[in-house]
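Novice: Any chance you can model this:
(chains A, B, C and D)
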Protein chains: 2
Amino acid sequence: MTTRTAASAPQSPLQNQLLAALPAPDYERIQPNLEPVPLPLGMALYEPGSRLGYVYFPTEGIVSLLYVMEDGASAEIAVTGSEGMVGISLFMGGESTPSRAVVQSAGNAYRLPAAALKKEFESGGELQHLLLRFTQALITQMAQTAVCNRHHSVEQQLCRWLLLSIDRLSSNELVMTQELIANMLGVRREGVTEAAGALQDAGLIRYSRGHITLLDRPGLERRVCECYAVVRRESDRLAAYNQSPFLGR
Amino acid sequence: MTTRTAASAPQSPLQNQLLAALPAPDYERIQPNLEPVPLPLGMALYEPGSRLGYVYFPTEGIVSLLYVMEDGASAEIAVTGSEGMVGISLFMGGESTPSRAVVQSAGNAYRLPAAALKKEFESGGELQHLLLRFTQALITQMAQTAVCNRHHSVEQQLCRWLLLSIDRLSSNELVMTQELIANMLGVRREGVTEAAGALQDAGLIRYSRGHITLLDRPGLERRVCECYAVVRRESDRLAAYNQSPFLGR
DNA sequence: CGAGTTCTGTGCGGTAACGAACATAATGGC
DNA sequence: GCCATTATGTTCGTTACCGCACAGAACTCG
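Specialist: Numbers count the residues shown, from 1 in each chain, chains lettered A, B, ... in the order given. So this is what the prediction gives:
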């Protein structure tokens, strides 16, 4: 498998939106500890129960948080990209979680050693607020995923998943096999084939062997369940505080 | 409807395990602002998008966090009782969430005004650590709920739900109609009737018109999916820090 | 270019849960 | 004690998804 490693164009940490929202003094305190790392497809940023050594601030790419059950069945519970970070259990105090974090679309990140993150977080500065608000957005996403799993069809969930993924990419092409999408959604591969076929027939997407191209975003948005909009709206709302901390008051 | 108001036995705030885990000075700072309130069945502690005026520390009873969708379909995403609190979005910084919090089993709580909670949280004392660890346990519960919704049968989910609920009660009797359980699980009422019938036939529970009695906990634990154990283990693990902050190191 | 691998399409029987309609049974108010 | 109400039980046709098996198509590596 030629894991098309992400183009290693020089990245700035500020391409990560959490880092970019930090006031200069806060940023400068952690900046020396930030270390660029590639995020190759399939890389696991942490495993269930493991103690985290670093947190990751993606500048591009997509990271999935997923649960794998004893029998191997799995489901994605949330997804993040350059708008967020990976490793919330570090500052939440648990040190580990029962989930996995896997790179779903290759990219790059800056990682920060656990100790540096904790120190800055504990100091109660703006980073703390940013991370907590981001965590709340993640919680919303997880809750909405739970509800969507319960009530919506595979096709609707696929629409939601596609939109959430493409929102985190600069292009509108996604490199992802139906098999992998099925793992994320926790459904059969054939179910994805069928749903994706319907979307292609409707002219909303085009795909071939692991390449999915979004052709008609408004069309897809008309077809998706409300879950996408809820997650999107809440993420935007919480991120808006990041620009102007007193906007929401 | 004669909402059987909970027995108003005099309660101490320390029956809430988060408050009980606070060091004395921290507790004494917030104690003057704690106000006892009953939690009658069906009371909504907050509604989607509403700004929270108080957070609640239950001393007994059960509170469900649930999502209600546009078409009225609903699903419970997490549940808490005297081991936790209600209103995490306040200190997470979002001020509101898209979910609802509803009293599922009547009890009592102490409420704390939003401003007092924020002040104490921002001061970075032990309350902050306790609340963040509790939030992480809640996140685990939500994630496991999402996975369970996807992969497990109604009967397994009912087992999980029963155990999680009864864990939060002092008795082993639950006052809850099948209709309401169905709302929580996001399934049909008939599905609950059927699953509950099977559990009763197996001698694990007994129920009649809104009263469910747990007869055989080991038996039920053998029947439940792994999801219950994961949530339970993670809650216990995170709560263990509360006794001795350096235990987990 | 050819062989093996990976990805996608399709068909088929099985099943869990759904939606709706209706029957029975317990409870509480009067 | 009776009746309206609320809770539970049962049936039945429908549907979405599952599990499996296999065929074809596209890529890739030698």
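Novice: And for A:T135, nearest residue in space, chain neighbours not counted?
Specialist: Closest residue in space to A:T135, ignoring its immediate chain neighbours: A:I88 at 5.2 Å, by C-beta to C-beta, 6 or more residues apart in numbering or on different chains. No exception for glycine: its C-beta is placed from N, CA and C like everyone else's.
Novice: all helices for chain A, in order.
Specialist: Secondary structure of chain A, counting by DSSP state H: helices at A:17-20, A:24-30, A:88-92, A:114-122, A:126-151, A:154-166, A:178-185, A:189-201, A:217-223, A:226-243.
Novice: How about the contacts made by the residue of chain A most remote from its centre?
Specialist: Relative to the C-alpha centroid of chain A, counting by C-alpha atoms, centre = their mean, A:D201 is the outermost residue, at 28.1 Å. The contact partners of A:D201, by C-beta atoms under 8 Å, 6 or more residues apart in numbering or on different chains, come to none.
Novice: what's the neighbour count on A:P25?
Specialist: By other C-beta atoms under 10 Å in any protein chain shown, 9 other residues sit near A:P25.
Novice: count of residues packed around the residue nearest to A:T135?
Specialist: A:I88: 25 surrounding residues under other C-beta under 10 Å.
Novice: Same check on the one 3 residues further on?
Specialist: Other residues lying near A:F91 total 22 when counted by other C-beta under 10 Å.
Novice: isn't it right up against A:L117?
Specialist: Yes: A:F91 is within contact range of A:L117, at 6.5 Å (criterion: C-beta atoms under 8 Å).
Novice: what about A:G49, distance to DNA strand C?
Specialist: Distance of A:G49 to DNA strand C, computed by C-beta to the nearest atom of the strand, to the nearest Å: 28 Å.
Novice: nearest residue to that residue other than its sequence neighbours?
Specialist: A:S96 (5.1 Å).
Novice: and what of A:A182?
Specialist: That would be A:R189: by C-beta to C-beta, 6+ apart, it lies 4.3 Å from A:A182.
Novice: and that neighbour, how many neighbours?
Specialist: When neighbours are counted by other C-beta under 10 Å, A:R189 comes out with 14.
Novice: was I right about it contacting A:E179?
Specialist: Yes: at 5.0 Å, A:R189 and A:E179 qualify as touching, with contact defined as C-beta under 8 Å.
Novice: Give the residues shared as contacts by those two.
Specialist: What both A:R189 and A:E179 touch, as defined by C-beta under 8 Å, 6+ apart, is an empty set.
Novice: Could you tell me the per-residue confidence at the residue nearest the centre of chain A?
Specialist: With distances taken as C-alpha atoms, centre = their mean, A:T80 lies nearest the centre of chain A, 1.4 Å away. At A:T80, the pLDDT value in this model is 97.
Novice: where does the residue lying closest to it once chain neighbours are set aside sit relative to A:Q104, distance-wise?
Specialist: Nearest-residue entry for A:T80: A:V63, 5.5 Å, with adjacent residues in sequence omitted and distances by C-beta to C-beta, 6+ apart. Separation of A:V63 from A:Q104 (C-beta to C-beta, to the nearest Å): 7 Å.
Novice: Name the residues contacting each of these two.
Specialist: Residues touching both A:V63 and A:Q104 (C-beta under 8 Å, 6+ apart) are A:V79.
Novice: OK, contacts around the nearest residue to A:I181 once chain neighbours are set aside?
Specialist: On the basis of C-beta to C-beta, 6+ apart, the spatially nearest residue to A:I181 that is not a chain neighbour turns out to be A:V192, at 5.0 Å. A:V192 sits next to A:154, A:158, A:178-179, A:181-182, A:185 when contact means C-beta under 8 Å, 6+ apart.
Novice: nearest to A:I139, of those residues?
Specialist: A:L185 (19.9 Å; C-beta to C-beta).
Novice: Report how many residues lie close to the closest one.
Specialist: There are 23 residues near A:L185, going by other C-beta under 10 Å.
Novice: quick one: it and A:W161 touch, right?
Specialist: Yes: under the criterion of C-beta under 8 Å, A:L185 makes contact with A:W161 at 6.2 Å.
Novice: Common neighbours of these two, please.
Specialist: Joint contacts of A:L185 and A:W161 (C-beta under 8 Å, 6+ apart) are A:E76.
Novice: Contact partners for the closest residue to A:Q31 other than its chain neighbours?
Specialist: In space, and not counting its chain neighbours, A:Q31 is closest to A:P13: 7.1 Å by C-beta to C-beta, 6+ apart. Counting by C-beta under 8 Å, 6+ apart, A:P13 touches A:19, A:31, A:34, A:36, A:57, A:59, A:110.
Novice: A:N172 too?
Specialist: So A:N172 contacts A:166, A:213-214, A:217 (C-beta under 8 Å, 6+ apart).
Novice: Between which two of these is the distance greatest?
Specialist: Pairwise over the contacts of A:N172, using C-beta to C-beta, the maximum falls at A:T213 and A:R217, 11.2 Å.
Novice: Distance check, the residue nearest to A:T80 against DNA strand D.
Specialist: A:V63 is 24 Å from DNA strand D, by C-beta to the nearest atom of the strand.
Novice: correct me, but A:H211 touches A:L174?
Specialist: Yes: between A:H211 and A:L174 there is a contact at 7.5 Å, judged by C-beta under 8 Å.
Novice: quick one: buried residues of stretch A:164-173?
Specialist: Neighbour-count burial for stretch A:164-173, with 16 or more other C-beta atoms under 10 Å in any protein chain shown as criterion, is recorded at A:164-169.
Novice: Tell me how far it lies from the chain's centre.
Specialist: Centre-to-centre, stretch A:164-173 and its host chain are 11 Å apart (C-alpha atoms, centre = their mean, to the nearest Å).
Novice: do the same with stretch A:150-165
Specialist: Distance, centroid of stretch A:150-165 to centroid of chain: 15 Å (C-alpha atoms, centre = their mean).
Novice: And stretch A:172-187, by the same measure?
Specialist: That offset, for stretch A:172-187, works out to 14 Å (C-alpha atoms, centre = their mean).
Novice: Settle this for me: A:L117 is touching A:S89, isn't it.
Specialist: No: counting by C-beta under 8 Å, A:L117 stays clear of A:S89, with 11.4 Å between them.
Novice: for the nearest residue to A:P98 once chain neighbours are set aside, phi and psi?
Specialist: Leaving aside its chain neighbours, A:P98 sits nearest to A:P48 (4.8 Å; criterion: C-beta to C-beta, 6+ apart). The phi/psi pair for A:P48 (degrees, to the nearest 10) reads phi -50, psi 130.
Novice: Show the contacting residues for A:P48.
Specialist: A:68, A:96-100.
Novice: Also within reach of DNA strand D: list those from these.
Specialist: When the contacts of A:P48 are checked against DNA strand D using C-beta under 7 Å from any atom of the strand, none falls in range.
Novice: burial measure for the closest residue to A:G93 other than its chain neighbours, as a count.
Specialist: Of all residues not flanking A:G93 in the chain, B:R133 sits nearest, at 4.4 Å (C-beta to C-beta, 6+ apart). Residues lying near B:R133 (other C-beta under 10 Å) number 25.
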